[in-house]
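**Q** got a structure for you, letters missing:
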């Protein structure tokens, strides 16, 4: 059996790779609050904004679309510019408050506080990972009329991480219900290790400059707040169900469906399939899946979505395993054909991803992610880099929606909390955002000299309409950390834990190391 | 105890070597055996056999990466045990699924392939893995070297099963393409 020989051969791969694999683990998850209650209200608001229109994957993937000057290659660590570190995993900066209105007449004083009190990990031990950030503003209205604005608080992260990263907003000391908006994927794509210009891997933003390039001209925010794309494209859906296979005899029994298409006229998207074989010259396609046995955590939702010309005749064949070489009998299913629109199909699949998969147990609160927000992000990504794009990323050319839908969940983006603020004539109002901020870091298995460092960035004006008269940064609960690099001016030994920021400096950085690490 | 000190105990024919190995790596080895065999009794026997093999192999061997070295032994012993149990039609379904997945990586024969020794192919695969992202190769080796379940990998790496499955899917496909390019015959 050739797979068995391959399994034995894999036992001989380089020992350093084996050590790397067994040593790797992502930082233990800190027990954090899950601010979904606020976001549910946000979902309702977003649905209204979208006007009822149907809206349509440890470990971060290291990468960059534009490294910092003197920075490292994507996914690599190195010295950044201005003395800071370019981390393998970049968490994005803390952004300043802004408003939907371009001119407000308001002035603002800002105080950002990083609280490094250790969190409690799943194993019950307190350790330092990340920081609780409080971003406070005093908005002042020097005019003689009340000013009401839509405040926007931007934060970097993924939809899958919302359960732990979403800020809590307060106005005048009272919590507010905020509407949540999500901008498109903030990164790009890169090759798979061979410099061939291909786009197989995700390349998330790797530096604050990447975010600056996104936000500077306002286009990113406009897209986030604008109307969602409509994907009312007619499609033909082949739905596979009622699975039967001789599981007693074949643990990996596989169902395959074969047909031939004209690739110029037909595009196939799949969901729930494990394998695809194809011949572009003849248009032959074979999609296959492990027949659900009620034991493996495989999705039982299995669809082929045909865009363009229908596939016509197809044949079904059972196989002993995913190699699809040893044909066997007794593998059956029911195939139903239906006509629908792409957005209707994507609605079903997005719901399946959020509620029907095993992801939710791994990602706290994923099953409460607002569906319209997710659908919108999927639609935008399909048009930007999926099979509906003018030039799809190589990563998505197989049309495998399982991968695509998951990528949309984990891709880094800028999200916005929107809430109204009224500042009385000649008066002031406090606005506050409180959030848990993951640090930038180097992978523990990388051997980098920066393993153990935690990087925190702050941008002073990027994307903000506010007229800042002053900004202050502060640290609290610093007993368990040491500062390794910074451009802020803190001096823990001498008790300097609060500093005024130079507003001419667009970005401030702070790199700390836990003393227990 | 450092690995070098444990190995010194083997060289000194001191039976504490096995105790120390068991204390330090017993869980690691049992996990590999369990991942392949899904039988506690069989896994325990394979781990004990691993200690015996190690006792007989050191000296003259002085492995530089002791953990991986032990892992290889228990992995091969477990695979042998799995084949026996499969013949007897009991257990082993986790391995069947795993090998079914690995079939995706087996290059299609075209008639010009080179018959390479296992170690040469392993070197090629090592080169291939180094060209993958760190994340993808760690996921791949956790699945196909350690035999971990997708759910366990996802839990330990704090990512979703979909992420793990899609990573495996892509790496398997890329490995198959790579082995075909290298004209490797399996």
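**A** Sure, I can see it. Fair warning: this is a prediction, and the values are worked out from it, not measured in the lab.

**Q** give me the low-pLDDT residue ranges for chain B?
**A** B:86-94, B:108-115, B:158 (pLDDT under 70).

**Q** would you map the helices across it?
**A** When secondary structure is read from DSSP state H, chain B shows helices at B:3-11, B:16-37, B:40-57, B:66-87, B:93-102, B:118-130, B:134-144, B:150-157, B:161-181.

**Q** spatially central residue in chain B, please.
**A** residue B:145 (3.0 Å; C-alpha atoms, centre = their mean).

**Q** what residue in the stretch 151-300 of chain A comes nearest to chain B?
**A** Closest to chain B within the stretch 151-300 of chain A is residue A:252: 3.2 Å, counting by C-beta to the nearest C-beta. From N, CA and C alone the C-beta is placed, and that goes for glycine too.

**Q** pick the most deeply packed of the helices of chain B.
**A** For those, average neighbour numbers computed from mean count of other C-beta atoms under 10 Å in any protein chain shown are highest in helix B:134-144, which has a mean of 25.

**Q** helices and strands around it, which ones?
**A** On a contact count with 3 or more C-beta pairs under 8 Å, 6 or more residues apart in numbering or on different chains; DSSP states H and E, helix B:134-144 meets helix A:2-10, helix A:15-23, helix B:93-102, helix B:118-130, helix B:150-157, helix B:161-181.

**Q** wait, isn't residue B:79 in contact with residue B:37?
**A** No - between residue B:79 and residue B:37 there is no contact under C-beta atoms under 8 Å: 9.2 Å.

**Q** do I have it right that residue A:366 meets residue A:163?
**A** Yes - proximity of residue A:366 to residue A:163 meets the contact threshold set by C-beta under 8 Å, at 6.7 Å.

**Q** one step back: quick one, which of the helices and strands packed on helix B:134-144 is nearest to residue A:401?
**A** helix B:161-181 (10.7 Å; C-beta to C-beta).

**Q** how far does the closest one sit from its chain's centre?
**A** Offset of helix B:161-181 from its chain centre (C-alpha atoms, centre = their mean, to the nearest Å): 17 Å.

**Q** what angle separates it from helix B:134-144?
**A** 90 degrees (axes from the mean of the first three to the mean of the last three C-alpha atoms, to 10 degrees).

**Q** domain ranges for chain A?
**A** A:58-161+A:169-229+A:425-514, A:234-410 (automatic domain parsing).

**Q** please apply the same query to chain B.
**A** According to automatic domain parsing, the domains of chain B span B:3-90, B:100-181.

**Q** those: which one's closest to residue A:94?
**A** domain B:100-181 (22.7 Å).

**Q** about what we covered before: spit out the residues that contact residue B:79 and residue B:37 alike.
**A** Residues touching both residue B:79 and residue B:37 (C-beta atoms under 8 Å, 6 or more residues apart in numbering or on different chains): residue B:95.

**Q** show the contacting residues for residue B:62.
**A** Residue B:62 neighbours (C-beta under 8 Å, 6+ apart): B:7, B:11.

**Q** rerun that using 7 Å as the cut-off
**A** Residues near residue B:62 by C-beta atoms under 7 Å, 6 or more residues apart in numbering or on different chains: residue B:7.

**Q** also the one 10 residues further on?
**A** Listed by C-beta under 7 Å, 6+ apart, the contact partners of residue B:72 are residue A:11.

**Q** please apply the same query to residue A:116.
**A** Residue A:116 neighbours (C-beta under 7 Å, 6+ apart): A:128, A:131, A:475, A:477-478, A:480-481, A:512.

**Q** widest-spaced pair of these?
**A** Among the contacts of residue A:116, A:128 and A:475 lie farthest apart (C-beta to C-beta), at 12.8 Å.

**Q** for PyMOL, what selects the buried ones among the contacts of residue A:116?
**A** Buried residues within those, by 16 or more other C-beta atoms under 10 Å in any protein chain shown, are selected in PyMOL with:
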select buried, chain A and resi 128+131+475+478+480+481+512
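
**Q** of the contacts of residue A:116, closest to residue A:158?
**A** residue A:131 (18.6 Å).

**Q** quick check: bridge partners of that closest one?
**A** With DSSP bridges as the criterion, residue A:131 is bridged to residue A:437.

**Q** what does residue A:180 give?
**A** Under the criterion used (DSSP bridges), residue A:180 bridges to residue A:417.

**Q** from what I see, it and residue A:419 are in contact.
**A** No - with contacts defined as C-beta atoms under 7 Å, residue A:180 does not count as touching residue A:419, sitting 10.3 Å away.

**Q** pLDDT score for the residue located most distally from the centre of chain A?
**A** Most distant from the centre of chain A: residue A:144, at 43.4 Å, with distances by C-alpha atoms, centre = their mean. As predicted, residue A:144 sits at a pLDDT of 94.

**Q** ok, the one 4 residues further on next?
**A** The score at residue A:148 is 97. That number is its pLDDT.

**Q** nearest spatial neighbour of it, chain-adjacent residues omitted?
**A** Nearest residue to residue A:148 in three dimensions, chain neighbours excluded: residue A:422, at 4.4 Å (C-beta to C-beta, 6 or more residues apart in numbering or on different chains).

**Q** packing partners of the host helix or strand of that neighbour?
**A** Using DSSP states H and E, residue A:422 sits within strand A:413-423. Under the contact definition 3 or more C-beta pairs under 7 Å, 6 or more residues apart in numbering or on different chains; DSSP states H and E, strand A:413-423 sits against strand A:147-157, strand A:168-171, strand A:179-185, strand A:428-437.

**Q** let's have these in CSV, adding mean neighbour count.
**A** Converted to CSV, the helices and strands packed on strand A:413-423 look like this (neighbours: other C-beta atoms under 10 Å in any protein chain shown):
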stretch, mean neighbour count
strand A:147-157, 22
strand A:168-171, 20
strand A:179-185, 22
strand A:428-437, 20
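
**Q** what about residue A:464, which SS state?
**A** coil (DSSP: H, G, I helix; E, B strand; the rest coil).

**Q** now do the strands in the stretch 1-150 of chain A.
**A** Shown for the stretch 1-150 of chain A, the strands assigned by DSSP state E, counting those that start in this stretch span residues A:78-79, A:85-86, A:98-99, A:107-115, A:119-120, A:126-127, A:131-140, A:147-157.

**Q** so which of the ones you listed gets nearest residue A:283?
**A** strand A:147-157 (41.4 Å).

**Q** angle of that closest one against strand A:428-437?
**A** Using the same axes, to 10 degrees: strand A:147-157 against strand A:428-437 is 10 degrees.

**Q** from the chain's centroid, how far away is strand A:147-157?
**A** For strand A:147-157, the distance to the chain centre is 20 Å (C-alpha atoms, centre = their mean).

**Q** so what's residue A:277 up against?
**A** residue A:286.

**Q** so for stretch A:265-279, mean pLDDT?
**A** 90.

**Q** so for that stretch, what gets flagged as buried?
**A** Applying 16+ other C-beta under 10 Å to stretch A:265-279 flags A:266-276 as buried.

**Q** before we move on, the earlier item: and the residue farthest from the centre of chain A, what does it touch?
**A** Contacts of residue A:144 by C-beta under 7 Å, 6+ apart are A:425-426.

**Q** quick one: it and residue A:105, what's the gap?
**A** Distance of residue A:144 to residue A:105, computed by C-beta to C-beta, to the nearest Å: 10 Å.

**Q** sorry, back to before: now the helices of chain B in JSON lines, with distance to residue A:387?
**A** Formatted as JSON lines, those follow (distance: least, C-beta to C-beta, whole Å):
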{"stretch": "helix B:3-11", "distance to residue A:387": "50"}
{"stretch": "helix B:16-37", "distance to residue A:387": "36"}
{"stretch": "helix B:40-57", "distance to residue A:387": "45"}
{"stretch": "helix B:66-87", "distance to residue A:387": "40"}
{"stretch": "helix B:93-102", "distance to residue A:387": "25"}
{"stretch": "helix B:118-130", "distance to residue A:387": "27"}
{"stretch": "helix B:134-144", "distance to residue A:387": "22"}
{"stretch": "helix B:150-157", "distance to residue A:387": "26"}
{"stretch": "helix B:161-181", "distance to residue A:387": "16"}
